[in-house]
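Undergrad: Sequence first, then the predicted structure:
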Amino acid sequence: MNINATLIGQAIAFAIFVWFCMKYVWPPLLDAIEARQKKIADGLTQAERAGKDLELAQAKAAEKLKEAKAQAAEIIDQANKRRTQIVEEAKNEAETERSKIVAQGEAEVEAERNRAREELRQQVAVLAIAGAEKIIKRTIDKEANSDIIDKLVAEL
Amino acid sequence: MSGQGEALTSSSYIQHHLTNLTWSVDGGWNAHDAGFWTFHVDSLLVAVGLGVLFLWLFRSVAKHSTVGVPGKLQCFIEMVIDFVDENVKDTFHGKNALIAPLALTIFVWVFLMNLMDLVPVDLLPHAAQAIGVPYLKVVPTTDLNVTLGMSLSVFALIIYYTVKVKGFGGFVKELTMQPFNHWAFIPVNFLLESVTLLAKPVSLGLRLFGNLYAGELIFILIALLGYWQLPLYFPWAVFHILIIVLQAFIFMMLTIVYMSMAHEDH
């Protein structure tokens, strides 16, 4: 076993292999590994973010639903109130209308009665005059006493 | 050296398994003591072949790599990349695009070279003999030249980055003003630090070589036992799987640590 030029040959081969490895083997392989590591890490963060987003969206949806429910309840409440109000208003209106109609009727009845009374009174006056005429005809002149009769009629 | 026709003795068998196929500038194929300019052709071929296999596999996955859902092969490759990247990030805190690919190359390449140890010891040498190749040592990391070639390259990187990050003055200062920060201790410091520095590549290379050489030797010895090798081969192979991965990991880890030390102030 002696040292000879094999050593130099081996050293040269070694240098060439290392150079080739450094130039053409190591960088693409390590780049691929690192790119994949980055991709996986990105994917994981994205998945995590998506999970968080989903959670957030679910919470938001629940909140919206609650809000909508509250709003619906409020609207129903308002409608109920409005209904009561309308019914009340209608009732009041009807009441007024009724009293108005009643009052009108009463007034009409009153007017009718007054008219009838007036008529009656005039007829009574005519009757009285006719009676009186018949009575007086026998005794006195109609024209001489007419002013008294007129006065009487006015007083009735 | 024993040829094919000679009687097979234990020592010649072992000797044969531990002999490289060589080619030297001066003496041609398998010359004795051909001097420094000799190449262990089998070690280099297997090592380069495995390195190319590693790079081809990883490159083909890298080319078709997708950011989306990865296939099974891409998953496996990415597991290796991630494992290396994690170790580099844990140990090396500076910014240097070289360290991680360096660590990956060392880990996978050394692992593959060590893995050749699990190929049955006689399989490939016999196949080689059948096509006329007299010697074949199939595990490159049992060749001291291979392990030292790598560890010395790491050593060169250590010195390069120490000088680059801390300046030449910083490098000299690191050698002379530690561990005793006083001018009178400069020779002592220099002696201690030089040993520390030089021990790094030597221990790095020898550790890998020693572990794999011993493992290979035991495989060869087991192979000598005739029928007894059958129950023994399996447990040793299982145990050796641990060593194969562990030594590749240690080589990678120590390289990262040395690089980290070169980049950081103490």
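TA: Received the coordinates, thanks. Quick caveat, the model's predicted, so the values are computed rather than measured.

Undergrad: near chain B at all, the lengthiest helix in chain A?
TA: Longest helix in chain A, counting residues (DSSP state H): helix A:26-139. Yes - Helix A:26-139 comes into contact with chain B (CB under 8 Å from any CB of the partner chain), by way of A:Trp26, A:Pro28, A:Leu29, A:Leu30, A:Ala32, A:Ile33, A:Ala35, A:Arg36, A:Lys39. Placement of C-beta: from N, CA and C, glycine included.

Undergrad: For PyMOL, what selects the buried ones among those residues?
TA: Selection command for PyMOL covering only the buried members of the residues of helix A:26-139 next to chain B, criterion 16 or more other CB atoms under 10 Å in any protein chain shown:
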select buried, chain A and resi 26+28+29+30+32+33+36
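
Undergrad: which SSE is the closest residue to chain B within chain A in?
TA: Residue of chain A nearest chain B, by CB to the nearest CB: A:Gln10 (3.0 Å). Assigned by DSSP states H and E, A:Gln10 belongs to helix A:6-20.

Undergrad: roughly how far is that helix from the heart of the chain?
TA: 91 Å (CA atoms, centre = their mean, to the nearest Å).

Undergrad: List phi and psi for B:Leu21.
TA: Per-residue torsions, B:Leu21: phi -80, psi 120 (degrees, to the nearest 10).

Undergrad: ditto for the one 3 residues further on
TA: For B:Ser24, the backbone dihedrals (degrees, to the nearest 10) come out as phi -120, psi 150.

Undergrad: what about A:Ala70, how many residues close to it?
TA: 10 (other CB atoms under 10 Å in any protein chain shown).

Undergrad: any chance of the residues of helix A:26-139 next to chain B in CSV, with pLDDT and distance to A:Val124 too?
TA: Listed next are the residues of helix A:26-139 next to chain B as CSV, based on pLDDT from 0 to 100; distance: CB to CB, whole Å:
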residue, pLDDT, distance to A:Val124
A:Trp26, 92, 142
A:Pro28, 91, 137
A:Leu29, 90, 138
A:Leu30, 90, 136
A:Ala32, 89, 132
A:Ile33, 89, 133
A:Ala35, 91, 127
A:Arg36, 90, 127
A:Lys39, 93, 122
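
Undergrad: if we take the residues of helix A:26-139 next to chain B, which one ends up nearest to B:Thr147?
TA: Using CB to CB, A:Trp26 comes nearest to B:Thr147 of the residues of helix A:26-139 next to chain B, at 23.4 Å.

Undergrad: show me the contacts for the residue lying closest to the closest one once chain neighbours are set aside.
TA: In space, A:Trp26 comes closest to B:Pro101 once its chain neighbours are excluded; the distance is 4.1 Å by CB to CB, 6 or more residues apart in numbering or on different chains. B:Pro101 makes contacts with A:Val18, A:Cys21, A:Met22, A:Val25, A:Trp26, as judged by CB atoms under 8 Å, 6 or more residues apart in numbering or on different chains.

Undergrad: and which of these is nearest B:Ser60?
TA: A:Val25 (9.9 Å).

Undergrad: Tell me who's in contact with that closest one.
TA: B:Leu55, B:Phe58, B:Arg59, B:Ala62, B:Pro101, B:Leu104.

Undergrad: hmm, 10 Å instead?
TA: Contact analysis of A:Val25 by CB atoms under 10 Å, 6 or more residues apart in numbering or on different chains lists A:17, B:54-63, B:77, B:81, B:101, B:104-105, B:108.

Undergrad: what about the spatially most central residue of chain B, which helix or strand?
TA: When CA atoms, centre = their mean is applied to chain B, the residue found nearest the centroid is B:Thr147 (4.3 Å). Element membership for B:Thr147, per DSSP H and E: helix B:144-176.

Undergrad: Quick one: mean pLDDT for the next helix or strand after that helix?
TA: Beyond helix B:144-176 on the C-terminal side, the first helix or strand identified by DSSP H and E is helix B:186-223. Helix B:186-223 carries an average pLDDT of 92.

Undergrad: shouldn't B:Lys137 be in contact with B:Ala47?
TA: No - taking contacts as CB atoms under 10 Å, B:Lys137 lies outside contact range of B:Ala47: 11.1 Å.

Undergrad: What strand or helix carries A:Leu152?
TA: Counting by DSSP H and E, A:Leu152 is part of helix A:142-155.

Undergrad: Can you tell me what sits against that helix?
TA: Contacts for helix A:142-155 (CB under 10 Å, 6+ apart): A:Arg121, A:Gln122, A:Val124, A:Ala125, A:Val126, A:Ala128, A:Ile129, A:Ala132, A:Glu133, A:Ile136, A:Thr139.

Undergrad: Going by neighbour count, list what's buried in that helix.
TA: A:Ile149.

Undergrad: report the angle between the axes of that helix and helix A:26-139?
TA: Counting by axes from the mean of the first three to the mean of the last three CA atoms, to 10 degrees, helix A:142-155 lies at 150 degrees to helix A:26-139.

Undergrad: Can you list the buried residues in the helix holding A:Gln10?
TA: Buried, per 16+ other CB under 10 Å, within helix A:6-20: A:Thr6, A:Leu7, A:Gly9, A:Gln10, A:Ala11, A:Ala13, A:Phe14, A:Phe17, A:Val18, A:Phe20.

Undergrad: and that helix, what does it pack onto?
TA: strand B:38-40, helix B:41-63, helix B:99-115, helix B:144-176 (3 or more CB pairs under 10 Å, 6 or more residues apart in numbering or on different chains; DSSP states H and E).

Undergrad: Tabulate those in TSV, adding columns for distance to B:Leu21 and mean pLDDT.
TA: Output for the helices and strands packed on helix A:6-20, formatted as TSV (distance: least, CB to CB, whole Å; pLDDT from 0 to 100):
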stretch	distance to B:Leu21	mean pLDDT
strand B:38-40	7	88
helix B:41-63	4	93
helix B:99-115	16	95
helix B:144-176	13	91
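
Undergrad: Smallest gap between the stretch 1-150 of chain B and chain A, at which residue?
TA: Closest point on the stretch 1-150 of chain B to chain A, by CB to the nearest CB, is B:Gly149, at 3.0 Å.

Undergrad: what sits against the closest residue to that residue other than its chain neighbours?
TA: Sequence neighbours aside, A:Gln10 is the residue nearest to B:Gly149 in space, at 3.0 Å (criterion: CB to CB, 6+ apart). Taking CB under 10 Å, 6+ apart as the criterion, A:Gln10 is in contact with B:39-40, B:43-44, B:47-48, B:51, B:140, B:143, B:145-150, B:152-153.

Undergrad: No further queries at this time; thank you.
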